[in-house]
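**Student:** Fold the following, please.
(chains A and B)
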Amino acid sequence: MQVFTEPILAALARQTSVPVASLKLERPRDAKQGDLAFPCFVLAKELKKAPPLLAQELAAALAGALPGITAVASGPYINFRIERGLLAREITGQIARDGQRYGGSSEGAGKTIVIDYSSPNIAKPMHIGHIRSTIIGAALVRIFRALEYRVVGINHIGDWGAQFGGLVVALRRWKGEVDLEADPVLGLLDLYQRSKKAVEEDEAFKAEAIAAYQELESGREGEVRELWRWVTEVSLRGFNATYRRLGIQHELVRGESWYEPFLAPALERVKAAGVTEVSRGALIVALGEVDKGLKETPCLLQQTNGTTLYATRDLAALFSRWEEFQFERCLYVVGGEQKLHFRQLKGVLARMGLAWEARVEHVDFGLLLGRGRVKIASRKRGEVLVLDDLIDEVVDEALGTIEAKNPELASKREVADAVGLGALVFNDLKRERIKDVIFDKAEILSFEGDTGPYVQYTHARLASILRKAEASGDAGLSATPDWSALENAGEVLVALGRLPDVVRSAAARAEPSELSQYLLALARDVSTWVSSPDNRVLGSPAGVAAARLALVRAAKLVLGNGLRLLGITAPEEM
RNA sequence: GCGCCCGUAGCUCAGCUGGAUAGAGCAGCGGAUUUCUAAUCCGCUGGUCGCAGGUUCGAGUCCUGCCGGGCGUGCCA
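**Tutor:** Reported below is the predicted structural model:
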């Protein structure tokens, strides 16, 4: 829409001697009123005029100044309407030119964004806590990449910590009792759960576990180190299989263990900055002076017994990332439960006087809950909801739907995969991040309403029209478009023109839901238009068909580009 | 106790960093020459935007207080 907003804003600026930067255009509440609107309230106040009067004066002054655009005063607003032919030609033209790149820009060229996402713990399959981080993070990676940022996605694997002591002991004792061949990760999960219980109930087990972790931390080669390495390896193999299904690949896979060498220097650096103190035997950074809300919750960097903590490790990682990437933004896609933790981290940076503190952001999100807002427990695996199980279930259901609706389809498996995953991913991205996701199986599996499959289906219908046009050699393929045929498609065209703005804003706010909501609304508009018998494409007079084909092509591209940015496949058929 | 977040139709959510009569989907009801894919489309029903004040020409949106729910809260991650 820039081709239209720019001249309008420039003209307004000329008329009022107000800089373009402080003028903004809105969309009218009702699309029938116009394509763009300018509210005159603020300007009227400055000029000491009544808003409706100013609107009339400006509208009159702009008459004729903008070729193809009419300005009409309506109360305190000026509504702009772009001549339909011009609108259709410009919008479909730009989309056709940009193709798969439409929606992106080069605003991020030369800048780096670090995104910490997914970050599962080894010895456990990817479960409930990592699903949202994985899906939201992967969407953000794609969105930023479309804006030509250099994106460094980091998988901060949880591969360190006291719990491994327990796991090692469990492996020693019960290795033979579980199946570690067929699916090692599920076998390890079993052992992990048993070890957790044993640590609580069995003193001898606990002592052995602590000894094992000390052995691991010492860095010595030996049985413990070997076991840890093996666990890491099979876990990563399992994660990678899941990532492949989701089309995800991190640029860097660095577990917590990778940052071990950075721990001592990081601690020294904080101490040297003079912001630490010893309190109740622990090394802390008091944060009350930089963040009033943190008066009573300092950041603990070292336990009384000298060992480091979660915050210490994350701080070390953060220092290392800043040195390595000089990032524009560093995003942590981590659940809202950890808000305090990231606030503390930023607090420490602030106390150290590090200006890049503002570039570190906690991209938080709500819980994934079951129907009735309860924690999801899987009947199959106790407390753990395994992502792979979830995917299988949804894909199976999609396959069933295909058998029922479109049994002739050639590539049922691929489409079922796309639709099942689309449903799952879209469901996670359609609300604001911060909101809890209610995972209602029945709702997701219905594939109806505000869903990924709905957007995909709209895309497939458009693809079908284009296929048939090609197959039949429709007259519209080679004709000059008669743009008057798109007189009634103004809303769709304006919406198509907005994709670049939506992508930019979704990136700025690290909020993929803005894009999903946009796609839903667009799919609805497109469906309405394409379903109307008045808008039939094939077999219409050549010029009319050509114009409608251009719209269909543009809409298909925009829906497809948008879906791909979210991490969802746009099927040609379904 | 303290800190942070959420509270819009029966349910799940939009509402574009204050602006024109509050919008979708689901559920319910009624329709659509056997369809350029009906996984669709059209119509109807449904709201004191948690409550009370305040700021403003204008508040679902900002401020204060209260109510309800969630998350977190010094040696776990």
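**Student:** Relative to residue A:200, how far out is the residue of the stretch 251-400 of chain A found nearest RNA strand B?
**Tutor:** Nearest residue of the stretch 251-400 of chain A to RNA strand B (Cβ to the nearest atom of the strand) works out as residue A:303 at 2.8 Å. Heads up, the C-betas are built off the backbone N, CA and C, glycines and all. Distance, residue A:303 to residue A:200, by Cβ to Cβ, to the nearest Å: 20 Å.
**Student:** hang on, the earlier thing: settle this for me: the residue of the stretch 251-400 of chain A closest to RNA strand B is touching residue A:279, isn't it.
**Tutor:** No: Residue A:303 lies out of contact with residue A:279 (Cβ atoms under 8 Å); the separation is 12.0 Å.
**Student:** The residue of the stretch 351-500 of chain A found nearest RNA strand B: what secondary structure?
**Tutor:** Relative to RNA strand B, the nearest point of the stretch 351-500 of chain A is residue A:449 (2.1 Å; Cβ to the nearest atom of the strand). Residue A:449 falls in the coil class when you classify it by DSSP: H, G, I helix; E, B strand; the rest coil.
**Student:** give the contact list for the residue nearest to the residue of the stretch 251-400 of chain A closest to RNA strand B when sequence neighbours are not counted.
**Tutor:** Excluding its sequence neighbours, the residue lying closest to residue A:303 (Cβ to Cβ, 6 or more residues apart in numbering) is residue A:282, at 5.9 Å. By Cβ atoms under 8 Å, 6 or more residues apart in numbering, the contact set of residue A:282 is A:300, A:301, A:302, A:303, A:304.
**Student:** One more pass at 10 Å, please.
**Tutor:** A:298, A:300, A:301, A:302, A:303, A:304, A:305, A:306, A:309 (Cβ atoms under 10 Å, 6 or more residues apart in numbering).
**Student:** which SSE is the closest residue to the fourth one other than its chain neighbours in?
**Tutor:** Right, the one you point to is residue A:302. In this structure, residue A:302 finds its nearest non-sequential neighbour in residue A:283, 3.7 Å apart by Cβ to Cβ, 6+ apart. Assigning secondary structure by DSSP states H and E places residue A:283 in strand A:282-285.
**Student:** Give me the neighbour count for residue A:448.
**Tutor:** 10 (other Cβ atoms under 10 Å).
**Student:** my bad, residue A:175
**Tutor:** Neighbour number of residue A:175 under other Cβ under 10 Å is 12.
**Student:** Kindly report the same for the one 3 residues further on.
**Tutor:** In terms of burial, residue A:178 registers 17 neighbours under the definition other Cβ under 10 Å.
**Student:** ok, now residue A:196?
**Tutor:** By other Cβ under 10 Å, neighbour count at residue A:196 equals 14.
**Student:** Could you find the closest non-adjacent residue to the closest residue to RNA strand B within the stretch 101-250 of chain A?
**Tutor:** Closest contact between the stretch 101-250 of chain A and RNA strand B, by Cβ to the nearest atom of the strand, is at residue A:161 (4.3 Å). Spatial nearest neighbour of residue A:161, excluding adjacent residues (Cβ to Cβ, 6+ apart): residue A:256 at 7.3 Å.
**Student:** quick one: contacts for the one you found?
**Tutor:** So residue A:256 contacts A:119, A:121, A:156-161, A:263, A:310, A:313-314, A:316-317 (Cβ under 10 Å, 6+ apart).
**Student:** Tell me how chain A divides into domains.
**Tutor:** A:2-82, A:163-246, A:384-566 (automatic domain parsing).
**Student:** does any part of the helix or strand hosting residue A:10 sit near RNA strand B?
**Tutor:** Assigned by DSSP H and E, residue A:10 belongs to helix A:2-16. No: applying Cβ under 7 Å from any atom of the strand, one finds helix A:2-16 separated from RNA strand B by no less than 12.4 Å.
**Student:** Who are the contact partners of residue A:179?
**Tutor:** A:186, A:187, A:190.
**Student:** returning to that earlier point: average pLDDT for the next helix or strand after the helix holding residue A:10?
**Tutor:** Heading C-terminal from helix A:2-16, the first helix or strand you meet, by DSSP H and E, is strand A:36-39. Throughout strand A:36-39, pLDDT has a mean value of 92.
**Student:** Ok, stretch A:315-335 next?
**Tutor:** Stretch A:315-335 comes out at a mean pLDDT of 97.
**Student:** For it, list every residue counted as buried.
**Tutor:** Buried residues in stretch A:315-335, counted by 16 or more other Cβ atoms under 10 Å: A:315-322, A:327-335.
**Student:** And stretch A:443-452, by the same measure?
**Tutor:** The neighbour-count check on stretch A:443-452 (16+ other Cβ under 10 Å) flags A:443, A:444, A:445, A:447, A:450, A:451, A:452 as buried.
**Student:** got the end-to-end distance for it?
**Tutor:** End-to-end distance of stretch A:443-452 (Cα to Cα, to the nearest Å): 12 Å.
**Student:** now it: how far from the chain's centre is it?
**Tutor:** On the basis of Cα atoms, centre = their mean, to the nearest Å, stretch A:443-452 sits 19 Å off its chain's mean C-alpha point.
**Student:** do stretch A:411-426 as well
**Tutor:** 18 Å.
**Student:** same check, this time on stretch A:15-25
**Tutor:** 33 Å.
**Student:** same question, stretch A:295-315
**Tutor:** The answer for stretch A:295-315 is 31 Å, by Cα atoms, centre = their mean.
**Student:** need the helices for the stretch 101-250 of chain A, in chain order.
**Tutor:** A:128-146, A:163-174, A:184-201, A:203-218, A:223-246 (DSSP state H, counting those that start in this stretch).
**Student:** Good, we can wrap up now.
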